[in-house]
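Peer 1: sequence and predicted model, in that order:
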Amino acid sequence: MNTELMEALNMLEKEKNIPRETLLEAIENSLLKACENHFGKSENIKVSIDPETCEYTVVQERTVVSEVEDKALEISLADAKMIDPTYQEGDIVKTEIQSKSFGRIATQNAKNVILQKIREEERRSIYNEFSSLERQLATGIVQRNVGRNISVNLGKTDAMLTENEQVRSEHFRPNERIKVFILEVKSTPKGPRILVSRTHPELVKKLFEEEVTEVREGVVEIKSIAREPGSRTKIAVWSNDEDVDPVGACVGMNGTRVNAIVNELHGEKIDIITWSDNPAMLIENALSPAKVISVIADGDEKSAKVVVPDYQLSLAIGREGQNARLAARLTGFKIDIKSETQAREAGDFMDYDEYEDGYYDEDGEYIEGEYEEGEYAEGEYTDEAYEDEAYEEGAAGEPDAAGDDAEADADEDVSAVQDEENKA
């Protein structure tokens, strides 16, 4: 038993994840290469290796002839009879070759053959392993900067985080542990080339799958994601179990789950909303935290008109239009947002009574639903006040022509109506 060879094969098989059969094949090829360098030919060389004991033999086969023309392929009758007197012309003489007799060059070439095969198999093994992880989450350690790119060690190989896939606000230090999304795995002559990302929206989805059990098990589905890396992300979630709150499951107790993801993304804000098959309801949710008065969605044109209270217009649009932009990406609708005053002036706004306790869907059909109460800019509305037509003019909380507060005007109008009712 060749103990040393067996230990070497076991170590390579374990560390490099290379099958023993492949290693034995590499040794066989290396011995043939050594014979070719030593004798000039190898077509008449037979190598056999016992996979159990790792014992190997190298045999040279030569034909018995009366006159030798090629020593590598032929042997004289006289020499053959010295080996075995029974040999005759035309017989095949098998001679065992000791590998120790090979010269330094032949030995070096054999070694190179083995090393080359090991490198090829190692690259193939790494490629097969990481190609199955494509579009998945991976944990790596920052190694060094390569120009404006960052080399990230994933264990058996390094991946490249290119400048385009980096979040501008993030700065990593060597040996820092980070999570990345594997974008692509390519096979190249120098080994697998792995591209990873920190900006891809799927990174957020995979982080939720890792952190939230309900998402990982499929009870809660992430229907849509819109992301501006380093700044804000909106995700729409839906529960397949009516007893499970999808938003609550993603947020976690005291926000522990979502906060863990925010920390991994270095402070990137995450808005979690409830998905709805009704486009109007989905758009209203997507514009959160802004409050919405009405939504009219056109499913064919993929466009929607949204009316918000005057004081909520800037919140609905967001800084540099970010909230509206992310809501449009999340829903797939082109969203036109107007304040209540702008909508009235454009003739696009319908009185509150027409939307009370409901909204219009994409087909223009009125759908009943609770209207969320809230504050206007300078005064609160009440259901009682809206029930009286007299409050209509002061509903938006805007100063009237005389400079008085709309809330005060509305209160006076309500009082006047109540007096008339009392007289009646």
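Peer 2: Done, it's in.

Peer 1: could you list the low-pLDDT ranges of the stretch 101-250 of the chain?
Peer 2: 101-103, 106 (pLDDT under 70).

Peer 1: how about the helices in it?
Peer 2: Listed from the start of the chain, the stretch 101-250 of the chain has helices (DSSP state H, counting those that start in this stretch) covering 104-131, 201-211, 213-217, 246-251.

Peer 1: so how far is the shortest one from its chain's centroid?
Peer 2: Here the centre of mass of C-alpha atoms in helix 213-217, compared against the chain's by Cα atoms, centre = their mean, to the nearest Å, lies 16 Å away.

Peer 1: what packs against it?
Peer 2: Where contact means 3 or more Cβ pairs under 8 Å, 6 or more residues apart in numbering; DSSP states H and E, helix 213-217 is packed against helix 201-211, strand 220-228, helix 246-251. The way it works is simple: take the backbone N, C-alpha and C, and place the C-beta from them, glycine included.

Peer 1: dump the residue contacts of the nearest residue to residue 88 once chain neighbours are set aside.
Peer 2: Spatially, and ignoring its direct neighbours in sequence, residue 88 is nearest to residue 64 (6.7 Å; Cβ to Cβ, 6 or more residues apart in numbering). Applying Cβ atoms under 8 Å, 6 or more residues apart in numbering to residue 64 gives the contacts 74-77, 80, 87-93.

Peer 1: try residue 282
Peer 2: 236, 275-276, 331.

Peer 1: quick check: the gap between it and residue 327.
Peer 2: 9 Å (Cβ to Cβ, to the nearest Å).

Peer 1: wasn't residue 32 part of a helix?
Peer 2: Yes - following the definition DSSP: H, G, I helix; E, B strand; the rest coil, residue 32 is counted among the residues of a helix.

Peer 1: and the nearest residue to it once chain neighbours are set aside, how many neighbours?
Peer 2: Leaving out its chain neighbours, the residue that sits closest to residue 32 by Cβ to Cβ, 6+ apart is residue 42, at 4.8 Å. Using other Cβ atoms under 10 Å, residue 42 has 19 other residues around it.

Peer 1: same check, this time on residue 8
Peer 2: Look at residue 8: counted by other Cβ under 10 Å, it has 14 neighbours.

Peer 1: swap in the one 5 residues further on?
Peer 2: Residue 13 is surrounded by 15 other residues when neighbours are defined as other Cβ under 10 Å.

Peer 1: wait, isn't it in contact with residue 23?
Peer 2: Yes - between residue 13 and residue 23 a contact is recorded at 6.8 Å, counting by Cβ atoms under 8 Å.

Peer 1: all set now, cheers.
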